[in-house]
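# the following comprises the amino acid sequence and a computationally predicted model.
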Amino acid sequence: MQKDIYEMLREQLDKYSVGFPKTESGVEMKILHRLFTEEEANMYLNLTMLLEAPEAIAQRMGREAKDILPILECMFEKGLVFRLKRGDSVKYAAVPFVIGFYEFQLNRMDRELAQLFEQYFEETFSEHASRQTVPMRTIPVRKAISVSWPVAPYEDAREIIKQKDRIAVANCICRTQKGSAFPLAHMRNTMLKGEWVGGSARILCHHVLDRGPKFGAKTPRAASRATAQGQGHDYAAR
């Protein structure tokens with residue numbers, strides 16, 4: 001008996017990052033049905049986590065690149081895949097649930113979706129993720145690492161931002177989810193993403209910037225001013 005396309009999708013997602021485990025209620029399947037069409041689920045199953053051109057993906061699927069490109073672009077707009085554009089070159093890659101398409105739902109998070117995520121996290125995901133090996137952790141080799149938690153003064157933080165050509169400021173996805181699931185119960189603080197931080201934050205930064213006008217546009221100076229004032233607006237700066 002052939003497996004359901006959404007169960008195949010869940011199993012694939014469960015192999016990435018901290019996984020995408022089953023629940024007794026099946027709420028994880030409701031999330032997948034809400035986010036992916038069957039065509040998009042099938043496309044995701046034909047992607048890898050390595051960036052590839054549409055031609056390479058199409059060849060693997062036995063299709064023409066021009067036929068799958070609209071599907072990939074739609075999935076990018078929905079925050080279901082990662083896209084990298086460099087000049088005329090465009091490549092796509094699969095992303096895990098976390099850090100991945102969950103965070104990419106920032107501007108699509110309505111009350112229904114937020115409540116599904118809340119249920120999923122409470123039932124299984126939060127406990128499951130806490131037991132996993134931390135992805136992208138630092139492994140010292142023949143050298144000790146001094147651990148410290150310095151708090152940069154405002155002047156230092158402002159200079160870091162001013163020195164960058166590419167920054168993004170967006171609402172925190174967790175607070176956005178809480179605020180959508182339980183209106184007026186949570187503030188939505190800003191979260192700063194920049195290319196001076198680690199790989200996962202850099203991916204989020206690139207995605208916010210790549211979405212362009214959908215997240216607004218400001219200059220780095222305006223981003224610095226808004227961050228200092230604690231404004232919770234979504235925007236990208238180039």
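Yep, it's here.
# all the strands of this protein, in order from the start?
81-86, 89-94, 167-171, 190-194, 235-237 (DSSP state E).
# between those strands, which gets the lowest average pLDDT?
In terms of average pLDDT, strand 235-237 trails the rest of the strands of the chain, at a mean of 33.
# residues contacting Ser45?
Careful, residue 45 is Leu and not Ser. By Cβ atoms under 8 Å, 6 or more residues apart in numbering, the contact set of Leu45 is Ile5, Met8, Leu9, Gln12. Where you see a C-beta, it was placed from the backbone N, CA and C, and this is true even at glycine.
# mind doing that once more with 7 Å?
Leu45 makes contacts with Met8, Leu9, Gln12, as judged by Cβ atoms under 7 Å, 6 or more residues apart in numbering.
# swap in Gln119?
Gln119 neighbours (Cβ under 7 Å, 6+ apart): Val27.
# how near is it to Lys78?
Distance, Gln119 to Lys78, by Cβ to Cβ, to the nearest Å: 21 Å.
# can you check Lys66 too?
Lys66 sits 20 Å away from Lys78, taking Cβ to Cβ as the criterion.
# looking at the two, which one has more neighbours?
Lys78 (16 against 10; other Cβ atoms under 10 Å).
# what does the pLDDT read for the closest residue to Cys74 other than its chain neighbours?
Ranked by Cβ to Cβ, 6 or more residues apart in numbering and with sequence neighbours excluded, the top spatial neighbour of Cys74 is Glu40, at 7.3 Å. For Glu40, the model assigns a pLDDT of 98.
# Asp210 now?
For Asp210, pLDDT reads 76.
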